[in-house]
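Engineer: show me how the following folds:
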Amino acid sequence: MKPIAIAFSHRLKQHSTSWRPVFTKYLENKKIPYELVDCYSYDIIKKLGDYSALIWGYSNFLNADLMEARNILRIAEDQGLKTFPNQKTGWHFDDKIAEMYALQSIHAEIPMSWVFYFLEDCIQWLESQAEYPIIAKLRNGSGANNVKMLKSKSEAMHYARRMFSKGFHPAPSLLYKTYSKVQSTHDLATLFSRIKRIPEFLRTRKNAQMMPIERGYSYFQEHIPNDGFDIKVAVVGDKLSYLCRNVRKNDFRASGGGSIYYDNNVMTAQIIDSAFKTSDDLKLQCVGFDYVVDNQTGKGKIIEMCYGFDHTAILGAGGYFDRGHIWHETPLNVPEEVLANLLFDE
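Structural biologist: Got it, this is the predicted structure:
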């Protein structure tokens with residue numbers, strides 16, 4: 001049996017939310033051979049033939065990953081290796097416009113969205129059709145980075161002109177991140193835990209500085225009135241779990257703030273069915289959907305999606321829903337479930 005390749009680089013320090021330790025522990029417990037492989041090596045394509053699968057949990061804040069991971073994974077898949085994420089799961093990773101196109105193609109429950117590639121088209125729409133406030137997003141970024149609420153026509157026009165000139169750098173803001181974490185910290189234990197992670201954030205930010213400036217387009221979503229929280233819904237195979245996140249103080253964004261809680265009552269049949277159906281229709285191996293509940297209709301709408309997320313926070317829910325909406329009191333270990341489905345499901 002050929003071993004499984006797990007992407008690794010000695011040049012990169014492992015992030016605290018990495019799935020790799022879970023992957024390796026699972027394989028060791030199952031006595032499945034694996035090797036840590038440097039997928040940045042010049043002869044990586046030649047090496048692929050030595051393996052039965054390639055697992056690469058690549059990062060949205062590492063330009064080298066965004067440049068190479070999808071290409072190498074696609075070649076591996078074309079050569080017959082099992083891959084995670086595979087093409088269907090990963091092609092839209094960290095590209096909110098690609099996510100929009102994918103979700104629109106299957107008529108998923110999402111906010112109205114608009115993208116413009118020419119300034120004159122964008123300005124005409126902002127002047128004559130846009131209803132404010134609207135949400136402006138860069139293609140990439142996570143944790144509410146690069147998401148702005150534009151409350152007026154003049155604000156939106158200024159934003160659009162910048163997007164079609166000097167643009168914005170997608171690297172996370174140190175000032176915003178610090179403010180965000182302070183706003184959502186309510187006890188000393190959480191404060192000390194977050195202080196310990198400052199060096200990790202600085203490494204992430206340094207890596208993200210290598211990413212190109214975002215410009216030459218404008219992407220907008222309608223603002224969904226809600227009750228001050230969003231829901232991360234994780235779907236892998238026939239299992240679904242979640243976490244809730246409070247919106248930051250004096251803000252409209254929840255992602256990345258760290259104010260997490262769990263309440264099974266927010267997981268309506270509509271949200272559960274919508275998440276399973278969307279995952280099925282897009283043929284995703286694993287996905288985390290960000291839902292906002294419209295307080296006018298009570299329906300959850302998907303505002304973003306991503307194959308990777310903090311799996312430890314999902315464990316905190318203490319269980320998962322099946323397709324029949326039944327809650328099971330067994331924490332959902334998403335990386336383990338991904339490997340089990342990849343290696344043992346036909």
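
Engineer: what's the separation between A98 and S113?
Structural biologist: Per CB to CB, to the nearest Å, A98 is found 12 Å from S113. The C-beta positions use only the backbone N, C-alpha and C, and glycine is treated the same way.

Engineer: neighbour count: those two, which is higher?
Structural biologist: S113 (19 against 13; other CB atoms under 10 Å).

Engineer: is it true that the more buried one touches I224?
Structural biologist: No. With contacts counted by CB atoms under 8 Å, S113 stays clear of I224, the gap being 11.5 Å.

Engineer: may I see the buried residues of stretch 99-107?
Structural biologist: Using 16 or more other CB atoms under 10 Å as the test for burial, stretch 99-107 gives E99, M100, A102, L103.

Engineer: what does stretch 21-29 give?
Structural biologist: Quick answer for stretch 21-29 (16+ other CB under 10 Å): V22, F23, T24, Y26, L27.

Engineer: among those residues, which lie within helices?
Structural biologist: Those of the buried residues of stretch 21-29 mapping onto helices are V22, F23, T24, Y26, L27, per DSSP state H.

Engineer: can you give me the pLDDT of the fourth one?
Structural biologist: The one in question is Y26. pLDDT recorded at Y26 is 97.

Engineer: quick one: residues contacting it.
Structural biologist: With contacts defined as CB atoms under 8 Å, 6 or more residues apart in numbering, the neighbours of Y26 are P335, E336, L339, A340.

Engineer: I'd like the buried residues of stretch 21-29 laid out as TSV, including distance to Y242.
Structural biologist: Shown next, in TSV, are the buried residues of stretch 21-29 (distance: CB to CB, whole Å):
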residue	distance to Y242
V22	19
F23	22
T24	26
Y26	22
L27	27
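
Engineer: just to revisit the earlier point, ok, of the buried residues of stretch 99-107, which one's closest to E304?
Structural biologist: E99 (6.3 Å; CB to CB).

Engineer: list buried residues within the contacts of Y26.
Structural biologist: Buried among the contacts of Y26 by 16+ other CB under 10 Å: P335, E336, L339.

Engineer: which ones among these lie within strands?
Structural biologist: Among the buried ones among the contacts of Y26, no member falls in strands (criterion: DSSP state E).

Engineer: nearest to Y320, of those?
Structural biologist: Nearest to Y320 out of the buried ones among the contacts of Y26 is E336 (CB to CB; 12.2 Å).

Engineer: who does L54 bridge with?
Structural biologist: Counting by DSSP bridges, L54 is bridged to A5, T83.

Engineer: and I44, what does it touch?
Structural biologist: Counting by CB under 8 Å, 6+ apart, I44 touches V37, D38, I72.

Engineer: pLDDT weak spots in this protein?
Structural biologist: For the chain, the stretches flagged by pLDDT under 70 are 10-16, 61, 142-145, 172-210, 248-258, 346.

Engineer: so for the longest helix seen in the chain, what gets flagged as buried?
Structural biologist: The longest helix of the chain (DSSP H) is helix 63-78. The neighbour-count check on helix 63-78 (16+ other CB under 10 Å) flags A64, D65, L66, E68, A69, R70, I72, L73, A76, E77 as buried.

Engineer: gap between the residue nearest the centre of the chain and V235?
Structural biologist: The centroid of the chain falls nearest to C306 when counting by CA atoms, centre = their mean (3.2 Å). Going from C306 to V235 by CB to CB gives 12 Å.

Engineer: could you name every residue contacting both of those two?
Structural biologist: Contacts common to C306 and V235, judged by CB under 8 Å, 6+ apart, are V287, G288.

Engineer: now do the contacts for the residue lying closest to D294 once chain neighbours are set aside.
Structural biologist: Once flanking residues are discounted, D294 sits nearest to I224: 5.2 Å by CB to CB, 6 or more residues apart in numbering. Contacts for I224 (CB under 8 Å, 6+ apart) come out as P111, V292, D294, K301, I303.

Engineer: quick check, I224 in a helix?
Structural biologist: No. Assessed with DSSP: H, G, I helix; E, B strand; the rest coil, I224 is coil; it does not lie in a helix.

Engineer: got the phi and psi for it?
Structural biologist: phi -100, psi 110 (degrees, to the nearest 10).

Engineer: any idea how far it is from E109?
Structural biologist: According to CB to CB, I224 and E109 sit 11 Å apart.

Engineer: domain-wise, how is this protein divided?
Structural biologist: Domain assignment for the chain, taken from automatic domain parsing, gives 4-84, 110-222, 229-344.

Engineer: picking that back up, same for the longest helix of the chain, what does it pack against?
Structural biologist: helix 44-47, strand 53-55, strand 82-84, helix 87-90 (3 or more CB pairs under 8 Å, 6 or more residues apart in numbering; DSSP states H and E).

Engineer: what's it in contact with?
Structural biologist: With CB under 8 Å, 6+ apart, helix 63-78 has contacts from 7, 39-40, 44-45, 48, 54, 56, 58-60, 83, 85-87, 90-91, 93-94, 140, 207-208, 210-212.

Engineer: of the residues you listed, select the buried ones using a PyMOL command.
Structural biologist: A single PyMOL command is used to select the members of those judged buried by 16+ other CB under 10 Å:
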select buried, resi 7+39+40+44+48+54+56+58+59+60+83+85+86+90+93+94+140+207+208+211
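
Engineer: brilliant, that's me finished.
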